[in-house]
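K.L.:
kindly return the folded structure for what I paste below:
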Amino acid sequence: MGVGAGTVRAVPSVLQPVAPQAAQLPPHVRTAFGVKDVTPRPVLWAGRPAWRCGEVLIRPVPDNVVAAWSAGVLDGLHVEGVRVARPVRSSDGRWIVAGWAACRYVAGTLEPRYDAVLAAGAALHEATAGVERPRLLDSRDDLLVRSAAGAFGERKLALEPAVGGTLYAQLAAYRAPIRLTPQVVHPELFGSVLFGPDEVPVVVDLTPCWRPKEWAAAVVVVDALAWGGADVGLLHRWSHLDEWPQVVLRAVLHRLALHAQHPDASPRTLAGLERAAGLASSLL
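P.N.:
Just a heads-up that it's a prediction; the model follows:
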């Protein structure tokens, strides 16, 4: 099988870093998180807008329920060889105040060290193996949920041909059954692992997903090939993982579906995924 590979030209908006927002951090939120007297400074942290208030980082969250679940899990999670940005509770015990969450500030930047990101992900998923399936997933129907369900053949998706639908249909024909154990995994590690001065990887959040850990690793590889300029060797260095060809295929399908459903998708932003699909097809 072969799928033509494109050249990495642009990162789709679903993965683009965004500029700090203009909205000011509300004073009552600073008070709630115990930093009322600290002057807030706008920063980009893991490519996302936030406010640093001394040793506390406060950031807006797109989903209060997900953010509260993430904080509750990360609060007591020990990950071997990985630092976790520890959540901070408000003065009345809440994780979220008026759409804002807080954590301990940890210095670090996003870096194209994809093998290290994958190793950090493996350690994270070893730590989350015992976490129960989040009940919040029962009622969720967002882009991530739909795209993952489509990638695993659990849901039929109607995708625009020009922004990924045609390639998705071609690749889906090569999907074969897999037997892997689902667990809580982070499907967005590509933009959620920082590296600080001491080079210890830092996990900044946890997006809930109930899928095999091997698939979560494959998503990192696909992201890195599509938009991070990774070499094809990355694809083969992690081929020891179980069911690798099929989980890589599902990772490509997931990203294609996510791209095709995104409002800013265009043929131009598809180029990176075409490259990843072409490289991944060599495994099938």
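
K.L.:
what about A280, helix or strand, and which?
P.N.:
Secondary structure assignment for A280, by DSSP states H and E: helix 271-280.

K.L.:
again but with A257, I slipped
P.N.:
Per DSSP H and E: helix 244-261 holds A257.

K.L.:
coming back round to it: what's the average pLDDT for the helix holding A280?
P.N.:
The average pLDDT for helix 271-280 rounds to 95.

K.L.:
what angle separates it from helix 244-261?
P.N.:
Taking axes from the mean of the first three to the mean of the last three C-alpha atoms, to 10 degrees, helix 271-280 and helix 244-261 form an angle of 160 degrees between their directions.

K.L.:
would you mind pulling up the elements that helix 271-280 packs against?
P.N.:
Other elements packing on helix 271-280 under the criterion 3 or more C-beta pairs under 8 Å, 6 or more residues apart in numbering; DSSP states H and E are helix 165-172, helix 213-227, helix 244-261. C-beta here means a position set from N, CA and C on the backbone, and glycine is covered the same way.

K.L.:
list the buried ones in it?
P.N.:
When neighbours are counted by 16 or more other C-beta atoms under 10 Å, the buried residues of helix 271-280 are found to be A271, G272, L273, E274, R275, A276, A277, G278, L279, A280.

K.L.:
also stretch 187-196?
P.N.:
Using 16+ other C-beta under 10 Å as the test for burial, stretch 187-196 gives P187, E188, L189, F190, G191, S192, V193, L194, F195.

K.L.:
before we move on, the earlier item: of the helices and strands packed on helix 271-280, which approaches V145 most closely?
P.N.:
helix 244-261 (10.4 Å; C-beta to C-beta).

K.L.:
and the closest one, how far from the chain's centre?
P.N.:
In terms of C-alpha atoms, centre = their mean, to the nearest Å, the centre of helix 244-261 is set 13 Å apart from its chain centre.

K.L.:
the domain parsing of this protein - what is it?
P.N.:
27-104, 114-283 (automatic domain parsing).

K.L.:
highest average neighbour count across those?
P.N.:
Ranked by average neighbour count under the criterion mean count of other C-beta atoms under 10 Å, the domains of the chain are headed by domain 114-283 at a mean of 19.

K.L.:
what's the first-to-last distance across it?
P.N.:
Using C-alpha to C-alpha, to the nearest Å, one end of domain 114-283 lies 20 Å from the other.

K.L.:
right, and the helices and strands packed on helix 271-280 - which one's nearest L57?
P.N.:
Once those are compared by C-beta to C-beta, helix 213-227 is nearest, at 23.7 Å.

K.L.:
picking that back up, can I get the buried residues of helix 271-280 in JSON lines with distance to S239?
P.N.:
Output for these, formatted as JSON lines (distance: C-beta to C-beta, whole Å):
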{"residue": "A271", "distance to S239": "25"}
{"residue": "G272", "distance to S239": "21"}
{"residue": "L273", "distance to S239": "20"}
{"residue": "E274", "distance to S239": "21"}
{"residue": "R275", "distance to S239": "18"}
{"residue": "A276", "distance to S239": "15"}
{"residue": "A277", "distance to S239": "17"}
{"residue": "G278", "distance to S239": "17"}
{"residue": "L279", "distance to S239": "12"}
{"residue": "A280", "distance to S239": "11"}
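
K.L.:
which of these sits closest to G47?
P.N.:
G272 (16.6 Å).

K.L.:
what distance do you get for the residue nearest the centre of the chain to V221?
P.N.:
Centrality entry for the chain: nearest residue to the mean C-alpha point is E188, 0.9 Å, by C-alpha atoms, centre = their mean. Distance, E188 to V221, using C-beta to C-beta, to the nearest Å: 14 Å.

K.L.:
for S239, same thing?
P.N.:
Using C-beta to C-beta, S239 is found at 10 Å from V221.

K.L.:
helix or strand: which one has D37?
P.N.:
D37 belongs to no helix or strand when assigned by DSSP H and E.

K.L.:
tell me the confidence at it?
P.N.:
The confidence metric pLDDT takes the value 96 at D37.

K.L.:
could you do A10 as well?
P.N.:
Reading off the model, A10 has pLDDT 30.

K.L.:
tabulate the buried residues of stretch 187-196 in CSV, adding columns for secondary structure and distance to A260.
P.N.:
Shown next, in CSV, are the buried residues of stretch 187-196 (DSSP: H, G, I helix; E, B strand; the rest coil; distance: C-beta to C-beta, whole Å):
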residue, secondary structure, distance to A260
P187, coil, 17
E188, coil, 18
L189, helix, 22
F190, helix, 18
G191, helix, 20
S192, coil, 23
V193, strand, 26
L194, strand, 29
F195, strand, 32
